[in-house]
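Visitor: requesting a structural model of the entry that follows:
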Amino acid sequence: MKRILAIVIAITVMGTVFSGCGKVKGSKKDDDKDVVVSEAKSDNDSKDETTQGDDVSDSSLNNVDSSADSDNASSYGYEDVIRAYFDANNEGDVEKSIRTMYPDKAVDGMFKLAELQGADIEKELSGNKTNYVITDIVEEGPMTEKEIEPFMILFDQMAGAFDKIEEYGGDVQALSDEQREELYNLFMGYTDPEEDDIDRIYHAAEGYDVTVYYTNDGEPDEDYFYVYNVEGEGWKLNNSMRKFAKKAKNAASNSTAKTVHTSFAIALTDLDYDGTDVSGVYIIGSDDSMNYNVPSTINVSEIRNTVGSEYDTISKYDYFAIIVNGECSYVAVCKKDDDNIGMYPISNIPKALNGDKLETEEVSKIDNYTLDELFEISKDIIE
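Guide: Have a look, this model is predicted:
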């Protein structure tokens, strides 16, 4: 356990820094190349400012880590911390990136502890300079108190661990194995803060679920953040699990869309085999409100039953399918409890009819569309 705390730091930092935006496979390292950082536009901020190269000042970071009261921190909103995070990634500056995520005390202690252990976080985790340009910042909704609280408890435990280091003399090398294990458990959140008499010093009255759209060397991408306004610290963000959760939801919905597509293909093949005329261009949905132009020869209930038998959890989704002359050409689904959209073909929306073929168009922002909007687009194409 001689270097256990340094390992803990590496695990913690690597689990958050550059987990979404930042050091990725294929990043180009070019210390002499100008790096472009784009300000995102929102309803509250229509400025268009561009900073190049190493001219990104530390003032924006100081604003993010301001020790002013919470009301002052709220005055500039959470977009500044998101921009500071992207700036830090473009500069390959690990410390700046970490300071957008953790309170000052936690960051200072993190680096102090690493230094005492002979670890160099900057050297081990510094990223290549990148070229990320924010194109849009979209607020998905507020975080609940229940969602915010675990982050505040984590900050309290990290701060408590560093207080313990000082209590034990500040020399990590001199700690006993028992003390090291205690700090490890505390740092990783394996102990109850109340049982360890950890002071509750971090609080956040507001937080938001935010999607950030950006380009990576010109290629569109997106990332997902929780942002929360920590009293006395300003806005902080986290995306270590947020992106994973979002991608998992999207993948599940897209998988459902593909299954519905397959089920429609089976149902239509059975109807055609039985002699039913399945020709025409029409839409069949999970309920009659999403049926459109369906021929009287088609037994919609029979098709829905086939879809249900092929996918027993389809009742959790609303959906519709575009049928072109007996072929299922497009499917969109929406999970009822969280409005997560899935499409097949993936990330495509209907574009036009070309003879007996449906043309679709790939889009970068799936969340821009609701199921009702996709249904209306589909109706317009058929008309």
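Visitor: now for Ala252: which residues touch it?
Guide: Ala252 makes contact with Asn340, Gly342, according to Cβ atoms under 8 Å, 6 or more residues apart in numbering. The C-beta positions use only the backbone N, C-alpha and C, and glycine is treated the same way.
Visitor: cool, and Leu271?
Guide: Here Leu271 is in contact with Val278, Ile298, Asn299, Glu302, Ile303 (criterion: Cβ under 8 Å, 6+ apart).
Visitor: from those, which two are the most distant?
Guide: Greatest spatial distance among these (Cβ to Cβ): Val278 and Glu302, at 11.7 Å.
Visitor: so those two - more neighbours on which side?
Guide: Val278 (19 against 14; other Cβ atoms under 10 Å).
Visitor: so where does that one fall, helix or strand?
Guide: Per DSSP states H and E, Val278 falls between elements, in no helix or strand.
Visitor: against Leu268, how distant is it?
Guide: 5 Å (Cβ to Cβ, to the nearest Å).
Visitor: Val81 now?
Guide: Counting by Cβ to Cβ - Val81 and Leu268 are separated by 51 Å.
Visitor: got the domain ranges for the protein?
Guide: 4-240, 248-382 (automatic domain parsing).
Visitor: coming back round to it: closest to Thr135 among the contacts of Leu271?
Guide: For the contacts of Leu271, the nearest to Thr135 is Ile303 (40.1 Å; Cβ to Cβ).
Visitor: looking at the contacts of Leu271, which are in helices?
Guide: Counting by DSSP state H, those place Glu302, Ile303 in helices.
Visitor: for the contacts of Leu271, give me JSON lines that also has distance to Phe375.
Guide: Output for these, formatted as JSON lines (distance: Cβ to Cβ, whole Å):
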{"residue": "Val278", "distance to Phe375": "21"}
{"residue": "Ile298", "distance to Phe375": "18"}
{"residue": "Asn299", "distance to Phe375": "21"}
{"residue": "Glu302", "distance to Phe375": "22"}
{"residue": "Ile303", "distance to Phe375": "17"}
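Visitor: relative to Asn250, which of the contacts of Leu271 is nearest.
Guide: Ile303 (26.1 Å).
Visitor: identify the residue nearest the closest one in space, chain neighbours excluded?
Guide: Ala267 (4.4 Å; Cβ to Cβ, 6 or more residues apart in numbering).
Visitor: returning to that earlier point: joint contacts of Val278 and Leu268?
Guide: In contact with both Val278 and Leu268: Ile323, Gly326, using Cβ under 8 Å, 6+ apart.
Visitor: which residues touch stretch 301-316?
Guide: Here stretch 301-316 makes contact (Cβ under 8 Å, 6+ apart) with 256, 259-260, 262-264, 266-268, 270-271, 284, 286, 335-337.
Visitor: as CSV, could you dump the C-alpha coordinates of it?
Guide: Only the C-alpha atoms of stretch 301-316 are listed here, as CSV (Å, rounded to 0.1, in the frame of the first residue of the first chain):
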residue,chain,number,x,y,z
SER,A,301,-54.2,-4.6,-35.0
GLU,A,302,-52.6,-7.7,-36.4
ILE,A,303,-49.4,-5.8,-37.2
ARG,A,304,-49.3,-4.3,-33.7
ASN,A,305,-49.8,-7.8,-32.2
THR,A,306,-46.8,-9.1,-34.3
VAL,A,307,-44.6,-6.2,-33.1
GLY,A,308,-45.7,-6.9,-29.5
SER,A,309,-44.9,-10.6,-29.8
GLU,A,310,-41.5,-10.0,-31.2
TYR,A,311,-40.6,-7.4,-28.6
ASP,A,312,-42.4,-7.9,-25.3
THR,A,313,-41.4,-4.5,-23.7
ILE,A,314,-42.7,-2.5,-26.7
SER,A,315,-45.5,-1.3,-24.4
LYS,A,316,-42.9,1.1,-22.8
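Visitor: could I get the full set of strands for the chain?
Guide: 36-38, 50-52, 132-142, 204-216, 219-230, 234-238, 281-285, 317-324, 327-335, 341-344, 348-354, 357-362 (DSSP state E).
Visitor: tilt between the fourth one and strand 219-230?
Guide: If I follow you right, that is strand 204-216. 160 degrees (axes from the mean of the first three to the mean of the last three Cα atoms, to 10 degrees).
Visitor: from the contact counts, what lies against strand 204-216?
Guide: Other elements packing on strand 204-216 under the criterion 3 or more Cβ pairs under 8 Å, 6 or more residues apart in numbering; DSSP states H and E are helix 79-91, strand 132-142, helix 145-167, strand 219-230.
Visitor: turn the ones you listed into TSV, columns for distance to Met290, mean pLDDT and mean neighbour count.
Guide: Shown next, in TSV, are the helices and strands packed on strand 204-216 (distance: least, Cβ to Cβ, whole Å; pLDDT from 0 to 100; neighbours: other Cβ atoms under 10 Å):
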stretch	distance to Met290	mean pLDDT	mean neighbour count
helix 79-91	37	92	24
strand 132-142	25	92	16
helix 145-167	33	82	18
strand 219-230	28	90	20
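Visitor: could I get those in TSV, plus columns for distance to Lys105?
Guide: Formatted as TSV, those follow (distance: least, Cβ to Cβ, whole Å):
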stretch	distance to Lys105
helix 79-91	17
strand 132-142	27
helix 145-167	5
strand 219-230	11
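Visitor: out of those, flag the one nearest Tyr292.
Guide: If we rank those by Cβ to Cβ, the stretch that ends up nearest is strand 132-142, at 29.9 Å.
Visitor: partners of the closest one in the sheet?
Guide: strand 204-216 (antiparallel) (DSSP bridges).
Visitor: for the partner strand, what is the average pLDDT?
Guide: Mean pLDDT, strand 204-216: 92.
Visitor: now it: buried residues?
Guide: Ala204, Gly207, Tyr208, Asp209, Val210, Thr211, Val212, Tyr213, Tyr214, Thr215 (16 or more other Cβ atoms under 10 Å).
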